[in-house]
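# no sequence on this one, just coordinates:
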């Protein structure tokens, strides 16, 4: 895997375009400066979580006696389900029953940015070639930065891009995620059977 493909994969998994309406909906009752501060805080929390799992995920898997192949299949299944949701019904209603007030960690940082698929992806990327930890760190930082820019300026994007365009982008990303999910599942199965 190249750095560019890792960036693309992580960007797709973090899915900022699908998260824009959710972020705007959850933060709509807060003043604009506070919204931006919350988005930045949640982005930093998500980055910290992803970095922790990137560098310690292999050891967590060993402690829990979970194989990389199992993680690959599980991550692929979760990603596949998320991608189907993106394609067929959108992701806005996933967090419809979130409590009022200022969110902290859940649901913005986890699972919207650093969800199960993103965590599984960073663990798998690092586990496949741990000697390239600097490359994977750069890939994560670049993907996270792109996601951050989109989310921080989400209000401006929503003013210039209508709801149908966001839905179309989300469905397109869902289709790409479906392909990646199937590939993760197949790779996990191949590793499990030594193929």
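It's in. Nothing here was measured: the structure is a model prediction, and the numbers come from that model.

# how about the helices in the protein?
Ranges of helices in the chain, per DSSP state H, are 3-14, 16-27, 32-63, 68-88, 116-128, 133-152, 154-160, 163-192.

# buried sites along the second one?
Neighbour counts over helix 16-27 (16 or more other Cβ atoms under 10 Å) mark 16, 17, 18, 19, 20, 21, 22, 23, 24, 26, 27 as buried. Heads up, the C-betas are built off the backbone N, CA and C, glycines and all.

# can you put those residues in a markdown table and add pLDDT?
Formatted as a markdown table, those follow (pLDDT from 0 to 100):
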| residue | pLDDT |
| --- | --- |
| 16 | 90 |
| 17 | 82 |
| 18 | 78 |
| 19 | 84 |
| 20 | 85 |
| 21 | 79 |
| 22 | 79 |
| 23 | 87 |
| 24 | 83 |
| 26 | 83 |
| 27 | 87 |
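
# of the helices of the chain, flag the one that's most buried.
helix 116-128 (a mean of 23; mean count of other Cβ atoms under 10 Å).

# for the spatially most central residue of the chain, what are its contacts?
With distances taken as Cα atoms, centre = their mean, the residue of the chain nearest its centroid is residue 14 (2.5 Å). Going by Cβ atoms under 8 Å, 6 or more residues apart in numbering, residue 14 touches 113, 114, 115, 118, 143, 144, 147.
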